[in-house]
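build me a model:
(one chain, ligands or ions: 1)
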Amino acid sequence: MSLQPQTCNTLIELARPSLAALPRYVRALREGWSPDNVGGKATADRQLARIDEDAAAFVDSLEDPEGRGPEIVLPDGTRAKRLPGFVRWIWDGDFCGSISLRWQPGEPDLPDHVLGHIGYAVVPWKRGAGCATRALGLLLPQARAVGLSFVELTTTPENVASQKVILSNGGRFIERFRKPQAYGGGEAVRFRIAIDAVE
Ligand SMILES: CC(C)(COP(=O)(O)OP(=O)(O)OC[C@H]1O[C@@H](n2cnc3c(N)ncnc32)[C@H](O)[C@@H]1OP(=O)(O)O)[C@@H](O)C(=O)NCCC(=O)NCCS
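Down below sits the predicted model:
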């Protein structure tokens, strides 16, 4: 990464993706950051191509609370129905990363192929400054607002930073499990955050 480390301003907000802020998102993708921990660079490249093709349609696709978007493609190429969800950009006056929420309407649990209600990724030059911890805290009331009483998050046993983000937001360890074959198997850990009392 060519960008210098920066601190994450304490006044971060979760911004709805917009065309106005898109150039900062594109810059992060071009620097090699990916919003998708599993898909990595392939997801970033695919998004850059979609943005080139139709930037407005790309931004619109990040807000899908009725799950109307196309089927999702799992890492092994199998397809599955898209759940309702939306993406927020973690913003401190500049782009810090993204955090997303997905859910099954009227149902707290997720299908097996969906590894958690919430996913997040912070750009490397803003890591270690509290961005993800604050962003998850800000998203929990929004998860409550769509009717969830808890959220589950999964990560790998090695991802200590992500586990700390979850624990700092009231997460409780649930289990160690093997990811579905569609994700190539591998160990993962599941946490749950109760949000029935979150305002
Ligand atoms: C995981 C990730 C989102 C953390 O983002 P972040 O903004 O750096 O997290 P925070 O600054 O809020 O730090 C959270 C905690 O992790 C610690 N931490 C940060 N980087 C760490 C590292 N590399 N190793 C160990 N601990 C680390 C912080 O010190 C902090 O600890 P504390 O709560 O005891 O103070 C970020 O590293 C990232 O984007 N990783 C790649 C994508 C990813 O793994 N996403 C999660 C998928 S489940």
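
centroid residue for this structure?
residue 119 (2.8 Å; Cα atoms, centre = their mean).

with adjacent residues omitted, what lies nearest to that one?
Take residue 119 and drop its neighbours on the chain: the residue closest to it by Cβ to Cβ, 6 or more residues apart in numbering is residue 100, 5.2 Å away. Placement of C-beta: from N, CA and C, glycine included.

residues making contact with the helix or strand the one you found falls within?
Secondary structure assignment for residue 100, by DSSP states H and E: strand 95-102. Outside of strand 95-102, the residues within contact range by Cβ atoms under 8 Å, 6 or more residues apart in numbering are 8, 12, 14, 21, 24-25, 27-28, 33, 35, 83-90, 110, 114, 117-123, 126, 131-132, 135-136, 139, 142-143, 146, 151.

list the neighbouring strands of the helix or strand bottoming out on mean pLDDT in the chain plus their orientation.
The weakest-scoring helix or strand in the chain, judged by mean pLDDT, DSSP states H and E, is strand 72-73 (a mean of 90). Sheet pairing here is set by DSSP bridges, and for strand 72-73 it gives strand 79-80 (antiparallel).

okay, helices next: where are they in this structure?
Using DSSP state H, the helices of the chain run over 22-30, 40-53, 55-61, 131-145, 160-168.

deepest in the core, which of these is it.
helix 131-145 (a mean of 20; mean count of other Cβ atoms under 10 Å).

just for the protein, where's the confidence low?
Along the chain, the parts satisfying pLDDT under 70 run over 1-10.

with distance to residue 188 as extra columns, can I get the helices of the chain in CSV?
Shown next, in CSV, are the helices of the chain (distance: least, Cβ to Cβ, whole Å):
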stretch, distance to residue 188
helix 22-30, 26
helix 40-53, 16
helix 55-61, 27
helix 131-145, 18
helix 160-168, 11
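
need these in JSON lines with distance to the ligand, can you?
JSON lines is the format used below for the helices of the chain (distance: least, Cβ to the nearest ligand atom, whole Å):
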{"stretch": "helix 22-30", "distance to the ligand": "11"}
{"stretch": "helix 40-53", "distance to the ligand": "9"}
{"stretch": "helix 55-61", "distance to the ligand": "21"}
{"stretch": "helix 131-145", "distance to the ligand": "3"}
{"stretch": "helix 160-168", "distance to the ligand": "4"}
